[in-house]
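Q: structure here, sequence nowhere to be found:
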C-alpha cells in the first residue's frame with residue numbers, strides 16, 4: 001500500500017542534491033516508495049521500490065521535462081497496478097504502441113487517409129528509413145531525447161557545401177518527427193516534444209546560402225551563338241502562347 005512519507009522533495013530539492021563520487025539514493029516521498037538515485041555522472045533518476053530494497057527505474061529527472069510531480073504520478077500508477085496483482089516486469093514492459101516505428105506507421109496511415117499522394121508518402125518513408133528509423137525505430141518514444149535526434153540530424157548536415165548541405169531534407173525530417181511525437185503527446189504518454197526546438201538548431205537552406213554568399217541563380221548567357229540557339233529553341237517551343 002502506498003503510504004505518505006515524511007520526505008516530500010520538490011524540484012528545487014532535487015536540483016540541489018550533491019553529486020558524489022559514488023551513486024547514492026534519496027527518498028523523494030509521497031508515496032514512500034518513490035526514490036531518486038544520484039549518479040557520479042550527474043544524472044538523477046527516479047525509481048520505485050516495488051519490494052524491500054528492490055527498485056525499478058521510472059525516468060530521469062529533467063527540469064521542465066520530467067519533474068517530481070510527473071514521477072509521483074507514474075509511481076502511484078505503478079503501485080496501484082502492483083496492488084491489483086500485476087507483476088513489476090509486466091507493468092514496466094515496453095508498450096509496443098509507443099515504439100517510434102509504430103507511431104511513425106500510424107502517422108503515415110493518417111497521411112494516406114488525408115489524401116496525400118503515394119509518391120510523397122514514399123519519399124517521407126524513404127527518408128525515415130535512411131536516417132531516423134535505424135536509430136529510433138525500436139525505441140520507446142519516451143526515451144528519445146533532443147540530443148539523440150540532434151546528433152542524427154547533425155550527421156546529415158554538410159555545412160561545407162551549400163549545394164549538398166541537406167538542410168531541406170533535415171527540416172522535412174523535423175516536421176515529420178514532430179508529427180510522430182505529437183501522436184504520443186495527445187495520448188498524454190509524453191509531456192515534452194523535443195522536436196519543437198530542432199528547427200532553431202539548423203539554418204534554413206535559404207538563410208544558409210545567404211550567409212555563405214552563394215549565388216543560386218543560373219549563370220547568364222553571354223555567348224552570342226548560344227543566345228541565338230536559345231532564341232531559336234524558344235520560338236520552336238509550341239507550348240508557348
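A: All right, it came through fine. This structure is a prediction, so every number in the text was calculated from the model and none was measured.

Q: so where is the chain shaky, pLDDT-wise?
A: In the predicted model, the chain carries pLDDT under 70 at residues 1-6, 90, 93-95, 161-163, 206-241.

Q: show me the contact partners of the longest helix belonging to the chain.
A: Scanning the chain for the longest helix, with DSSP state H as the assignment, gives helix 167-186. With Cβ atoms under 8 Å, 6 or more residues apart in numbering as the test, helix 167-186 has contacts from 98, 100, 103-104, 106-107, 124, 127-128, 131-132, 141-142, 149, 153, 156-157, 190-191, 193-196, 198-199, 202-205, 208. C-beta coordinates here come from the backbone N, C-alpha and C atoms, glycine included.

Q: go again with 7 Å.
A: 98, 100, 103-104, 106-107, 124, 127-128, 131-132, 141, 149, 153, 156-157, 190, 193, 195-196, 198-199, 202-205, 208 (Cβ atoms under 7 Å, 6 or more residues apart in numbering).

Q: for the helix or strand that comes right after that helix, enumerate the helices and strands it packs against.
A: Once the chain leaves helix 167-186, the next helix or strand it forms, by DSSP states H and E, is helix 198-201. Helices and strands touching helix 198-201, by 3 or more Cβ pairs under 7 Å, 6 or more residues apart in numbering; DSSP states H and E, are helix 146-156, helix 167-186.

Q: just the buried positions in the longest helix of the chain, please.
A: 167, 169-171, 173-174, 176-184 (16 or more other Cβ atoms under 10 Å).

Q: and which of these is nearest to residue 31?
A: residue 184 (25.8 Å; Cβ to Cβ).

Q: which of the helices and strands packed on helix 198-201 sits closest to residue 24?
A: Nearest to residue 24, of those and by Cβ to Cβ, is helix 146-156 at 25.5 Å.

Q: list the buried residues of that closest one.
A: 146, 149-150, 152-153, 156.

Q: walk me through the domains of this structure.
A: 11-91, 97-211 (automatic domain parsing).

Q: next one: the longest one to chain centre, how far?
A: Distance of domain 97-211 from its chain centroid, counting by Cα atoms, centre = their mean, to the nearest Å, is 8 Å.

Q: the closest residue to residue 22 other than its chain neighbours: what's it in contact with?
A: Distances taken as Cβ to Cβ, 6 or more residues apart in numbering place residue 40 nearest to residue 22, at 6.7 Å, with adjacent residues excluded. Contacts here follow Cβ under 7 Å, 6+ apart; on that basis residue 40 touches 19-23.
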